[in-house]
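>>> return atomic coordinates for the entry below.
(one chain, ligands or ions: 2)
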Amino acid sequence: MQPYQNQSIHIYNSLTGKKEVFKPIEEGYIGMYVCGPTVYSNVHLGNVRTFMSFDMIYRYFKHLGYKVRYVRNITDAGHLENDADVGEDKITKKARLEQIEPMEVVQRYTVDFHNILNTLNFLPPSIEPTATGHIIEQIELIKTIIDNGFAYVVNGSVYFDVHKFNEANEYGKLSKRKLEDLIHNTRALDGQSDKKNPQDFALWKRAEPQHIMRWPSPWSDGFPGWHLECTAMSTKYLGDNFDIHGGGMDLKFPHHECEIAQSEAAKGISPVNYWMHANMLQLNGQRMSKTTGNTVNPHELLSGNNTFFSKAYSPSVIRFFNAMSSYRSILDLTDDGLLASEKGFNRLMEAINTLETITAGTTSTFNVSEWKQKCYDAMNDDFNSPILIAHLFEAAKVVNQIKDDKASLTSEDLELLKQTMNAFTFDVLGLVNVAQADTSSEKLSGAVELLIQLRQEARANKDFALSDKIRDELAAKGIQLKDGKDGTTFSTN
Ligand code: AMP
Ligand code: ZN
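Ligands and ions are numbered 1, 2, ... in the order given. Okay, the predicted model is just below:
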């Protein structure tokens, strides 16, 4: 029996605009795809918020015993400056500005992305496919869409025929837009475009001579369209119809709308059962965005090296701040909000650490089983983490009352409280205990002290090769030994 069998999750499905009971296609298994970053610059905290919300959702599914295949891609080609298929490729542009290879741009920012996510205690996805690693799949998909009559070729580029598609299907059903309205609201083509209609979008673009990132195809040497990449990668690993597709709210249109159209045009079925969209992070009241420059990158927030905030904040405080509001609400990043999260996080950790020290009584004055189910109910209600946190604080209050002899729990209830607090705080919310972090630095000092002692023994035995080896290898790991008249001390950098 797995925990999920006792829980009923409701997910807000952006496609239907309703909270629906979540029923995976195959019992016990979940396929989830989240649009990853376009790796042309450092991720900002807005990007991180979306990925962090899905990390928490992934963690909750895993906690419930689901086998989850979580696919989060890396967009390393094909994302043009302007969503309407014009402008330079974002990565190529950066490569030109910095006079480096596009793949150097990709490598640099992919590494940065992974570093940040590791620091913030993310679980890695099950598969992290790249767009450039799936060109063959994308070409095959385009062929099918052309064969089915929903795309046309002009001058070596291939475009999706939105008007043709809309004759028998519904383009705009996710973003709740009507093609007629789109027609009224888009500018007429300027004669430079190869498209039949401005609403059409590129599946394949012929590369101009100066465009470096190019691949051969039946239509031209060129590159794939951004929307197509996600359709190819998601369906390759999760099947033509899968459970969950997520991303930031800004991707609903045109990106996700086009993904639906492509899949329906190619396979005749709707690709995704539950569409989930995380809301935007704002910085002091304005949406955080690379284009407007209103951004803070996570390094700056972690180091305190920025002009917006009064101090540095730890990774767990940032996670806690994110979880204190629903993934579907707009979240405003402010110093006051971060300070409040820091206080809340410390209060929760204190209670968790106190919990390890208190002893059981003969009776329970608090109904732990009922409280535990309330924690699940919060997460089952469209991953309502702020309500979960309120329940964790309720338990923290009980812990403090027990410490002051104003409440008590039997040993069985105490154990259940510990297990549940730990599971939700660490496994689901992904927070890291400060006390644990302290013990790891204590352990490090213990180990270095031992090496200092061995080095002294080596010196006493005139084994200078060994004593130098210990010093140099520690230095290579960022630990400096300093010999003084009172013995040897060490520092880390
Ligand atoms: P990009 O690298 O621009 O393609 O974006 C990567 C992810 O970050 C997408 O899912 C976007 O929706 C998301 N995103 C971008 N800006 C924000 C923001 N201010 N708040 C939350 N998510 C964002
Ligand atoms: Zn995508």
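>>> up against ligand 1, what does the stretch 151-300 of the chain have?
Listed as neighbours of ligand 1 in the stretch 151-300 of the chain under the rule CB under 6 Å from any ligand atom: Gly247, Gly248, Asp250, Leu251, Met280, Leu281, Arg287, Met288, Ser289. Backbone N, C-alpha and C define where each C-beta goes, glycine included.
>>> need those in CSV with secondary structure, can you?
Below are these laid out as CSV (DSSP: H, G, I helix; E, B strand; the rest coil):
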residue, secondary structure
Gly247, strand
Gly248, strand
Asp250, helix
Leu251, helix
Met280, coil
Leu281, strand
Arg287, strand
Met288, coil
Ser289, strand
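>>> can you select the buried ones from these in PyMOL?
Burial among these is assessed by 16 or more other CB atoms under 10 Å; the matching PyMOL selection reads:
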select buried, resi 247+248+250+251+280+281+287+288+289
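>>> any idea which of the residues of the stretch 151-300 of the chain next to ligand 1 is closest to Met324?
Lowest distance from Met324 to those (CB to CB) belongs to Leu281, with 12.8 Å.
>>> what's across from that closest one in the sheet?
Under the criterion DSSP bridges, Leu281 forms beta bridges with Leu331.
>>> sorry, back to before: got JSON lines for the residues of the stretch 151-300 of the chain next to ligand 1, with distance to ligand 2 and pLDDT too?
Output for these, formatted as JSON lines (distance: CB to the ion, whole Å; pLDDT from 0 to 100):
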{"residue": "Gly247", "distance to ligand 2": "6", "pLDDT": "98"}
{"residue": "Gly248", "distance to ligand 2": "10", "pLDDT": "97"}
{"residue": "Asp250", "distance to ligand 2": "11", "pLDDT": "95"}
{"residue": "Leu251", "distance to ligand 2": "6", "pLDDT": "97"}
{"residue": "Met280", "distance to ligand 2": "17", "pLDDT": "97"}
{"residue": "Leu281", "distance to ligand 2": "19", "pLDDT": "97"}
{"residue": "Arg287", "distance to ligand 2": "19", "pLDDT": "93"}
{"residue": "Met288", "distance to ligand 2": "19", "pLDDT": "94"}
{"residue": "Ser289", "distance to ligand 2": "17", "pLDDT": "90"}
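>>> whichever residue of the stretch 101-250 of the chain sits closest to ligand 2: what secondary structure?
Per CB to the ion, Cys230 is where the stretch 101-250 of the chain lies closest to ligand 2, at 3.2 Å. Classification of Cys230 using three-state DSSP returns helix.
>>> thought it was touching Asn73?
Yes: in this structure Cys230 lies within contact range of Asn73 using CB atoms under 8 Å: 6.5 Å.
>>> for Arg96, give its distance to Gln210.
9 Å (CB to CB, to the nearest Å).
>>> those two: who's more crowded?
Between Arg96 and Gln210, counted using other CB atoms under 10 Å, the more crowded position is Arg96 (15 against 8).
>>> buried sites along stretch 2-14?
Going by neighbour count (16+ other CB under 10 Å), the buried part of stretch 2-14 is Tyr4, Gln7, Ile9, Ile11, Tyr12, Asn13, Ser14.
>>> out of those, which is nearest to Ala447?
Of the buried residues of stretch 2-14, the one sitting nearest to Ala447 (CB to CB) turns out to be Tyr4, at 40.9 Å.
>>> where in the stretch 351-493 of the chain is pLDDT low?
435-442, 492-493 (pLDDT under 70).
>>> tell me where it has helices.
Along the stretch 351-493 of the chain, counting by DSSP state H, counting those that start in this stretch, helices occupy 368-380, 385-403, 411-422, 434-460, 464-476.
>>> before we move on, what about the stretch 101-250 of the chain?
102-119, 135-147, 162-168, 179-185, 226-238.
>>> compare these and say which comes out lowest on pLDDT.
For the helices of the stretch 101-250 of the chain, mean pLDDT drops lowest on helix 179-185, to a mean of 84.
>>> gap between the residue nearest the centre of the chain and Leu283?
Centroid check for the chain by CA atoms, centre = their mean gives Phe51 as the closest residue, at 1.8 Å. Phe51 is 17 Å from Leu283, where distance means CB to CB.
>>> and if you look at Leu451?
45 Å.
>>> same question, Tyr171
34 Å.
>>> out of these two, which sits in the busier spot?
Here Tyr171 and Leu283 are compared on neighbour count by other CB under 10 Å; more neighbours surround Tyr171, at 24 against 19.
>>> for ligand 1, what is the nearest residue in this protein?
Closest residue of the chain to ligand 1, CB to the nearest ligand atom: Gly248 (1.9 Å).
>>> can I assume that residue is in contact with Met280?
Yes: Gly248 sits in contact with Met280 when judged by CB under 8 Å, with a separation of 6.7 Å.
>>> who touches both of those two?
Shared contacts of Gly248 and Met280 (CB atoms under 8 Å, 6 or more residues apart in numbering): Gly46.
>>> can you pull the pLDDT of the closest residue to Val162 other than its chain neighbours?
With sequence-adjacent residues excluded and distances taken as CB to CB, 6 or more residues apart in numbering, Val162 is closest to Gln199, at 4.3 Å. Model confidence at Gln199, given as pLDDT, is 94.
>>> so who does Gln199 touch?
Contact analysis of Gln199 by CB under 8 Å, 6+ apart lists Val162, His163, Tyr171, Leu179, Leu182, Ile183, Thr186.
>>> most neighbours out of the residues you listed, which is it?
Val162 leads the contacts of Gln199 on contacts (other CB under 10 Å) with 26 neighbours.
>>> pretty sure that one is touching Asn197, no?
Yes: using CB under 8 Å, Val162 is in contact with Asn197, at 6.5 Å.
>>> which neighbours do those two share?
With CB under 8 Å, 6+ apart, Val162 and Asn197 have no common neighbours.
>>> list the residues that contact the residue of the stretch 1-150 of the chain found nearest ligand 2.
Across the stretch 1-150 of the chain, the shortest distance to ligand 2 (CB to the ion) belongs to Cys35, at 3.1 Å. By CB under 8 Å, 6+ apart, Cys35 lies in contact with Arg72, Asn73, Thr75, Cys230, Gly246, Gly247, Gly248, Leu251, His255.
>>> how about the first one: what's its closest non-neighbour residue?
Put plainly, it is Arg72. Of all residues not flanking Arg72 in the chain, Pro125 sits nearest, at 4.2 Å (CB to CB, 6+ apart).
>>> pLDDT on stretch 6-22, on average?
pLDDT averaged over stretch 6-22 gives 98.
>>> for stretch 73-92, same thing?
Mean per-residue pLDDT for stretch 73-92: 84.
>>> let's see that stretch as CSV, backbone CA atoms only.
The C-alpha coordinates for stretch 73-92 follow below in CSV (Å, rounded to 0.1, in the frame of the first residue of the first chain):
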residue,chain,number,x,y,z
ASN,A,73,14.5,20.4,-20.8
ILE,A,74,17.3,22.8,-21.6
THR,A,75,16.5,25.1,-24.6
ASP,A,76,19.9,25.5,-26.3
ALA,A,77,18.8,26.6,-29.8
GLY,A,78,15.8,27.9,-31.7
HIS,A,79,14.4,30.4,-29.1
LEU,A,80,14.4,33.7,-31.0
GLU,A,81,14.5,37.1,-29.4
ASN,A,82,10.9,37.7,-30.3
ASP,A,83,8.2,35.0,-29.8
ALA,A,84,6.7,35.8,-33.2
ASP,A,85,9.5,34.0,-35.0
VAL,A,86,11.6,37.1,-35.7
GLY,A,87,14.9,38.3,-34.4
GLU,A,88,18.1,36.6,-33.7
ASP,A,89,18.5,33.3,-31.8
LYS,A,90,19.0,34.3,-28.2
ILE,A,91,22.1,32.1,-27.8
THR,A,92,23.7,33.0,-31.1
